[in-house]
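# Can you look at this prediction? I've put the sequence above it.
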Amino acid sequence: MRVTTKGRYAVRAVLKLTTSDQAKPVSIRQLADAEEISPEFLEQIFFRLRKANIIKSTRGPGGGFMLNRDPADISVKDIFDAVGEEISLSPCTTDEEPDFVCSRESRCLAHSMWGNAADFIKSYFAQISIQKILEDMKKGAPLPV
């Protein structure tokens, strides 16, 4: 499994929004500069995050983006799902290819292991909220395993 740039940047951008002054919107340019992300790429990511109701936007002068939900209610998995980040370990555990049928599945001794591992990873990312990341960062504590 490998988290793509899109997934990593989405998490970084949401974390940055969370640590910004929540009373006023933050522009794409400010976020892109702060996180060293292409503004055009960040726009694509934010389009998807907005569509998933993780963030909201305000138009016009002084406009930009803000969180649309409490950071405690936004998981890393929510962000990954919003931007289309597939969390899988093998072709037989992916949701991206619903028509994929492994010809060895019925006799594959490792199939359930891959499925269980993929479920464990998805569950792990579902349990980690943006709020938890920030709290653990402030304490200098590692994230839970």
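Structure received. Numbers count the residues shown, from 1 in each chain.
# Can you give me the pLDDT of the residue of the chain positioned farthest from its centre?
Summary for the chain: using CA atoms, centre = their mean, the residue whose C-alpha lies farthest from the chain's mean C-alpha position is R107, with a distance of 34.4 Å. On the pLDDT scale, R107 is placed at 76.
# Show me the longest helix that occurs in this structure.
Ranked by residue count under DSSP state H, the longest helix found in the chain is helix 111-127.
# packing partners for it?
In terms of contacts (3 or more CB pairs under 8 Å, 6 or more residues apart in numbering; DSSP states H and E), helix 111-127 is packed against helix 76-83. C-beta: built from backbone N, CA, C; applies to glycine.
# what mean pLDDT does the helix it packs on have?
96.
# related to what we said a few turns ago, need the residues that contact the helix or strand just after the longest helix of the chain.
Note on helix 111-127: by DSSP states H and E, the next helix or strand toward the C-terminus is helix 130-139. With CB atoms under 8 Å, 6 or more residues apart in numbering as the contact definition, helix 130-139 has outside contacts at V14, L15, T18, T19, D70, P71, A72, I74, S75, V76, P142, L143.
# as a whole number, average confidence for helix 130-139?
For helix 130-139, mean pLDDT is 90.
# Also stretch 5-18?
93.
# and if you look at stretch 54-62?
Confidence for stretch 54-62, expressed as mean pLDDT, is 89.
# contact partners of it?
Residues outside stretch 54-62 that contact it (CB under 8 Å, 6+ apart): 14, 17, 24-25, 46, 49-50, 63-69, 74, 78-79, 82.
# which ones among the residues you listed are found in helices?
Among these, the members falling in helices are V14, L17, F46, L49, R50, D78, I79, A82 (criterion: DSSP H).
# Thanks a lot, see you next time.
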